[in-house]
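A.B. asks: return a 3D structure for these sequence lines:
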Amino acid sequence: MNVLCLDLEGVLVPEIWQAVASDTGIAALNKTTRDIPIYDDLMRMRLQELARHDLALSTIQSVIAGLQPLPGAAAFLAWARQRFQVAVLSDTFYDFAMPLMAKLDHPLLLCHRLVVENDRITGYRLRQEDPKRQAVRAFQAMNYRVLAAGDSFNDVAMLDQANVGIFFNAPPAVREQHPAFEAVGSYAELQAALTQSEAE
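C.D. replies: Here you go, the predicted structure:
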């Protein structure tokens with residue numbers, strides 16, 4: 001049996017922080033792991049910006065409530081769930097992602113938790129260190145073969161640990177630094193690559 005592990009933002013839904021940046025005008029929140037590969041550095045910057053602008057969690061959640069899955073994502077996920085056990089491995093937070101999970105028919109989501117005081121985000125708690133690699137490794141320890149797709153630097157560990165790793169809509173800088181992974185640019189191409197990998 002194959003397990004398919006998917007990143008969330010940039011693969012199934014828009015980048016949440018970029019949506020918040022657009023809605024609030026806080027330009028620094030446009031940066032993602034494509035720009036700042038070390039997740040802790042990225043989150044420290046985000047927390048500083050949230051504090052500086054006194055941005056409430058509820059405000060962020062209202063922006064997220066208005067987001068929709070990427071065009072074609074729901075259909076792709078429905079296709080994938082007929083063929084694989086599917087797990088979404090993300091560096092987002094349950095406090096952010098649950099409305100989007102409802103729009104994707106609630107796939108399994110493994111992500112992190114925020115520390116919140118008086119509607120303000122004061123910190124975050126990782127599910128575990130190196131969480132995407134460890135999740136893939138855990139599935140493999142249960143004798144599953146793992147296929148994985150992601151779009152950014154923080155997905156490389158997941159793709160590297162998986163039996164098959166595929167970049168989906170990854171920017172040139174990410175692909176160029178990790179040329180060993182197959183790269184696709186559409187759900188149709190991803191379906192074809194997964195179907196081929198399933199048969200191997």
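A.B. asks: mind listing what's buried in the helix or strand where residue 174 lies?
C.D. replies: If you go by DSSP states H and E, residue 174 is part of helix 172-177. Judged by neighbour count (16 or more other C-beta atoms under 10 Å), helix 172-177 contains these buried residues: residue 174. Backbone N, C-alpha and C define where each C-beta goes, glycine included.
A.B. asks: contact partners of that helix?
C.D. replies: Residues outside helix 172-177 that contact it (C-beta atoms under 8 Å, 6 or more residues apart in numbering): 34, 151, 152, 153, 167, 181, 183.
A.B. asks: just the mean pLDDT for whichever strand or helix holds the fifth one, thanks.
C.D. replies: Translated: residue 167. Secondary structure assignment for residue 167, by DSSP H and E: strand 164-168. Averaged over strand 164-168, pLDDT sits at 98.
A.B. asks: same for that strand, what does it pack against?
C.D. replies: Counting contacts by 3 or more C-beta pairs under 8 Å, 6 or more residues apart in numbering; DSSP states H and E, strand 164-168 packs against strand 145-150, helix 156-161, strand 182-184, helix 187-199.
A.B. asks: so how many other residues sit close to the residue nearest to residue 30 when sequence neighbours are not counted?
C.D. replies: Nearest non-adjacent residue to residue 30, counting by C-beta to C-beta, 6 or more residues apart in numbering: residue 21, 4.4 Å away. Residue 21 has 19 neighbouring residues, counting by other C-beta atoms under 10 Å.
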